[in-house]
Each structure stands twice: as structure tokens, then as C-alpha cells.
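Novice: need coordinates for the below:
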Amino acid sequence: QVQLIESGGGLVQAGGSLRLSCAASGRTFRRYTMGWFRQAPGKEREFVASISSSGGTIFYADSVKGRFTISRDNAKNTVGLQMNSLKPEDTAVYYCAADPRPGATMRQGLGIDYWGQGTQVTVSS
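Specialist: This next block holds a predicted model:
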């Protein structure tokens with residue numbers, strides 16, 4: 001069982017930056033692929049980024065590539081999402097997720113058992 005707690009959301013002007021953090025419980029964190037998803041009002045939840053258990057494989061949605069950076073610290077059981085050059089369309093609730101399946105990429109957002117409660121990110125124009 002893994003519990004995920006996000007922090008770092010808030011209100012920022014377009015062009016600004018925010019850093020989200022997700023703290024995970026449990027001794028098996030280092031085995032999990034970790035990811036970030038987001039859900040804007042009236043839209044389905046969408047994949048943002050994922051990072052493999054070792055940190056060696058990273059995927060980004062095209063909409064955030066070059067602006068967002070995902071990272072993890074297995075010693076501290078944390079995963080971060082640095083968001084730069086934010087746009088109003090980045091406004092959403094951001095969720096941290098964990099997938100224990102070997103080789104998982106999380107890009108399809110399917111079969112993921114562990115989710116955080118979400119943190120609101122609002123980007124004003």
C-alpha cells in the first residue's frame with residue numbers, strides 16, 4: 001500500500017513557475033514508476049509526465065515538453081514536478097500517481113492503483 005501526498009500548488013501568473021512535490025509512504029517507493037496527471041474543469045484527467053523507478057526513463061506529454069521537469073529522490077521517497085513558463089491552459093488539479101508494475105510508463109493512465117488527493121494549480125493570464 002502506498003499513500004501519496006501532493007504539495008506546492010497555488011496561483012501564479014502566466015510565464016511564472018511552480019514546483020509540485022509528492023511525498024510517498026512505504027518502503028517500496030523505489031520500485032514504482034511515478035507520474036503526474038492533471039484534470040482541468042470539464043475535462044478528463046490527462047497524463048503529464050512519468051519517471052521510471054531508477055529515474056532513467058522519463059516521458060512527457062507534448063503539451064508540457066520543454067517546460068516541465070519531473071524528478072525523484074528515492075532516498076527521500078519524493079517525486080517533484082518543476083513547472084516553468086506556465087500558461088493559463090495549465091490550470092488544473094494535479095495528481096501524483098504510483099504504478100508498481102515493472103516497465104510501466106503510465107502514459108495511458110490505465111490500471112493505476114495509487115493516487116494522491118490532488119493539488120490545485122491556477123495560472124492567470
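
Novice: sec struct for residue 89, please.
Specialist: Under DSSP: H, G, I helix; E, B strand; the rest coil, the three-state class of residue 89 is helix.

Novice: now do the contacts for residue 20.
Specialist: 6-9, 36, 80-81, 83, 94, 96, 119, 121 (C-beta atoms under 8 Å, 6 or more residues apart in numbering). The C-beta positions use only the backbone N, C-alpha and C, and glycine is treated the same way.

Novice: check contacts around the residue nearest the centre of the chain.
Specialist: The residue lying closest to the centre of the chain (C-alpha atoms, centre = their mean) is residue 36, at 2.0 Å. By C-beta under 8 Å, 6+ apart, the contact list for residue 36 reads 20, 22, 48-50, 70, 79, 81, 94-97.

Novice: can you list those residues in a markdown table and add secondary structure and pLDDT?
Specialist: Putting those into a markdown table (DSSP: H, G, I helix; E, B strand; the rest coil; pLDDT from 0 to 100) gives the following:
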| residue | secondary structure | pLDDT |
| --- | --- | --- |
| 20 | strand | 98 |
| 22 | strand | 98 |
| 48 | strand | 98 |
| 49 | strand | 98 |
| 50 | strand | 98 |
| 70 | strand | 98 |
| 79 | strand | 98 |
| 81 | strand | 98 |
| 94 | strand | 98 |
| 95 | strand | 98 |
| 96 | strand | 98 |
| 97 | strand | 97 |
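
Novice: could you single out the nearest of the residues you listed to residue 64?
Specialist: Residue 64 lies nearest to residue 48 out of the contacts of residue 36, by C-beta to C-beta, at 5.8 Å.

Novice: verify the stated contact: that closest one with residue 39.
Specialist: No. At 10.3 Å, residue 48 and residue 39 do not qualify as touching, with contact defined as C-beta atoms under 8 Å.

Novice: returning to what we had before: columns distance to residue 31 on top of the contacts of residue 36, output as CSV?
Specialist: Formatted as CSV, those follow (distance: C-beta to C-beta, whole Å):
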residue, distance to residue 31
20, 22
22, 16
48, 21
49, 19
50, 14
70, 17
79, 13
81, 20
94, 23
95, 20
96, 16
97, 15
